[in-house]
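> next input, structure requested:
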Amino acid sequence: EVIRFEALAGHVLLTTPGTRTVLESIAQARLAPLAAHDAAHGTELLGSLRAFLEHNGQWEAASVSLGVHRHTLRNRMDRAQSLLGVDLDSAHVRAELLLALSAWQELDR
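Here you go, the predicted model:
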């Protein structure tokens, strides 16, 4: 099966053992608070964060993909920012979290 290189974006880093280890460490450190909150409260902060980041911060597209109102997504992202102590307006933060989510997904398998 042929896979376009563009489809691998972000996942190429997970194939290098050293990089993978670093990304898994970042994923554990950064995303554990959201996973714990989701487990304790039945929320969907991790999935909402993934949708938000994968839709480039586009509220409408991300909320449609989740099947929720955009204000619901905004509330979830406010909660995620608070729990993580980050600013999702920062491109560096968004990039780090998206890579961490890719590693988290691999850890979760």
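> low-confidence bits of this protein, can you list those?
For the chain, applying pLDDT under 70 flags the ranges 1-16, 106-109.
> tell me where it has helices.
Residue ranges of the helices in the chain, as given by DSSP state H, are 17-41, 45-54, 59-66, 70-84, 91-107.
> could you identify which of those helices is most buried?
helix 45-54 (a mean of 21; mean count of other CB atoms under 10 Å). For glycine as for every other residue, the C-beta is placed from the backbone atoms N, C-alpha and C.
> now do that helix against helix 70-84, angle only.
110 degrees (axes from the mean of the first three to the mean of the last three CA atoms, to 10 degrees).
> run through who's touching helix 45-54.
Helix 45-54 is contacted from outside by 31, 34-35, 37-38, 59, 62-63, 65-66, 68, 73, 76-77, 79-80, 83, 88, 94, 97-98, 101, 104, using CB atoms under 8 Å, 6 or more residues apart in numbering.
> would you put the C-alpha positions of stretch 73-85 in PDB?
What follows is stretch 73-85, C-alpha atoms only, in PDB (Å, rounded to 0.1, in the frame of the first residue of the first chain):
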ATOM      1  CA  LEU A  73     -15.900  23.600  22.500                       C
ATOM      2  CA  ARG A  74     -14.700  27.000  23.700                       C
ATOM      3  CA  ASN A  75     -15.700  26.100  27.300                       C
ATOM      4  CA  ARG A  76     -13.800  22.800  27.000                       C
ATOM      5  CA  MET A  77     -10.700  24.600  25.600                       C
ATOM      6  CA  ASP A  78     -10.800  27.100  28.400                       C
ATOM      7  CA  ARG A  79     -10.900  24.200  30.900                       C
ATOM      8  CA  ALA A  80      -8.100  22.500  29.200                       C
ATOM      9  CA  GLN A  81      -5.900  25.600  29.200                       C
ATOM     10  CA  SER A  82      -6.600  26.100  32.900                       C
ATOM     11  CA  LEU A  83      -5.800  22.500  33.700                       C
ATOM     12  CA  LEU A  84      -2.600  22.500  31.600                       C
ATOM     13  CA  GLY A  85      -1.500  26.000  32.500                       C
END
